[in-house]
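Colleague: Predicted model follows, preceded by the sequence.
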Amino acid sequence: MKKYYLHNGVESSGPFDLSELEIKQITATTPVWFSGLPDWKTAAEIEELQVLLKVSPPPFKTLEPETEKIAKEKVKKSKIMGLHKNTFYLVLLFVVLFIGSFVLNILEENRKEELSKINHQTEIENRQFLLKERELKEQNERLAEQQRLEEERIAKEKKDTINKRLSEIQIGKIEIQTLLDEAKNKLIKANNFQLFRTPDEKSREINALQAEISHLKSELEILDNERNQLELELERLH
């Protein structure tokens with residue numbers, strides 16, 4: 001006896017014989033397969049299963065009275081999308097208000113986020129400005145310190161040079177003063193010594209000694225002026 005398999009769209013069931021298929025109440029679109037059939041077919045496509053198919057009459061539509069039909073049409077016209085107009089407009093207003101509130105919240109959040117970004121960027125720029133300002137201040141302080149040290153070094157070198165020159169001047173004055181004292185003694189002796197000399201020789205010797213004394217005094221005066229200037233310069237350096 002031929003056996004049939006059914007499929008409900010998810011899984012297959014069977015095998016069933018014709019009497020069992022009658023109990024299953026299959027329809028024309030029920031998928032059926034049996035041995036020797038290359039692929040599933042609907043029950044309506046298998047000849048021996050025609051007797052099992054049940055024909056269901058369409059649902060009976062009662063005739064509505066004219067007044068009831070008109071009333072339903074009025075109710076239908078007074079509705080939008082299945083809702084009364086007033087209810088529909090209230091729902092629409094609520095939806096519009098909700099969407100508007102949602103959009104405003106999004107805009108407010110975006111504005112807050114933008115302000116937060118601006119404030120964060122401003123804070124970063126302020127920190128960078130303060131950092132650069134501090135670096136510039138430290139650089140100026142280092143330059144000022146270097147300049148101060150350089151000025152102190154130059155001043156010290158000047159002081160050392162001046163003190164060295166003052167020592168040289170002091171030594172020079174002692175030497176010139178010694179020569180000056182010797183020239184004065186020679187002039188005294190030349191004025192008093194008269195043996196073995198003519199008046200012209202005596203006069204020439206006296207003139208030479210006087211010229212030497214004048215020259216030595218001039219050199220002493222020059223050294224004194226230089227010493228005074230150096231001492232003033234040394235005071236300014238202090």
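Modeller: Sure, I can see it.
Colleague: ok, now how distant is the spatially most central residue of the chain from Gly36?
Modeller: Nearest to the mean C-alpha position of the chain, by C-alpha atoms, centre = their mean, lies Ile124 at 6.2 Å. Remark: distance between Ile124 and Gly36 (C-beta to C-beta, to the nearest Å) = 83 Å. The C-beta positions use only the backbone N, C-alpha and C, and glycine is treated the same way.
Colleague: what does Gly9 give?
Modeller: 23 Å.
Colleague: Can you find the helix or strand of the chain with the lowest average pLDDT?
Modeller: helix 66-77 (a mean of 56; mean pLDDT, DSSP states H and E).
Colleague: Can you give the distance of the biggest helix by length in the chain from its chain's centre?
Modeller: The longest helix of the chain (DSSP state H) is helix 85-192. Relative to its chain's centre, helix 85-192 lies at 23 Å (C-alpha atoms, centre = their mean, to the nearest Å).
Colleague: Run through the neighbouring helices and strands of it.
Modeller: strand 79-80, helix 199-237 (3 or more C-beta pairs under 8 Å, 6 or more residues apart in numbering; DSSP states H and E).
Colleague: Okay, angle between it and helix 199-237 too, please.
Modeller: If you take axes from the mean of the first three to the mean of the last three C-alpha atoms, to 10 degrees, helix 85-192 sits at 160 degrees to helix 199-237.
Colleague: What mean pLDDT does helix 85-192 get?
Modeller: Taken as a whole, helix 85-192 has a mean pLDDT of 91.
Colleague: Repeat that for stretch 12-32.
Modeller: So the average pLDDT for stretch 12-32 ends up being 82.
Colleague: can I see the domain layout of the protein?
Modeller: Using automatic domain parsing, the domain parsing of the chain gives 4-52, 83-140, 150-237.
Colleague: ok, so what distance separates Pro199 from Gln210?
Modeller: 16 Å.
Colleague: These two: which is more packed in?
Modeller: Remark: of Pro199 and Gln210, Gln210 carries more neighbours, 14 against 8, as counted by other C-beta atoms under 10 Å.
Colleague: What does the nearest residue to Leu53 once chain neighbours are set aside show for phi and psi?
Modeller: In space, and not counting its chain neighbours, Leu53 is closest to Ala28: 5.3 Å by C-beta to C-beta, 6 or more residues apart in numbering. Note on Ala28: backbone dihedrals following degrees, to the nearest 10 are phi -60, psi -30.
Colleague: wait, Gly14 sits on Tyr5?
Modeller: Yes: counting by C-beta atoms under 8 Å, Gly14 touches Tyr5, with 3.6 Å between them.
Colleague: Gly9: helix or strand, and which one exactly?
Modeller: In this assignment (DSSP states H and E), Gly9 forms part of neither any helix nor any strand.
Colleague: Show me what the closest residue to it other than its chain neighbours is bridged to.
Modeller: In space, Gly9 comes closest to Pro31 once its chain neighbours are excluded; the distance is 7.8 Å by C-beta to C-beta, 6+ apart. Beta bridges link Pro31 to Thr42, judged by DSSP bridges.
Colleague: If anything else comes up later, I'll come back, but that's it for now.
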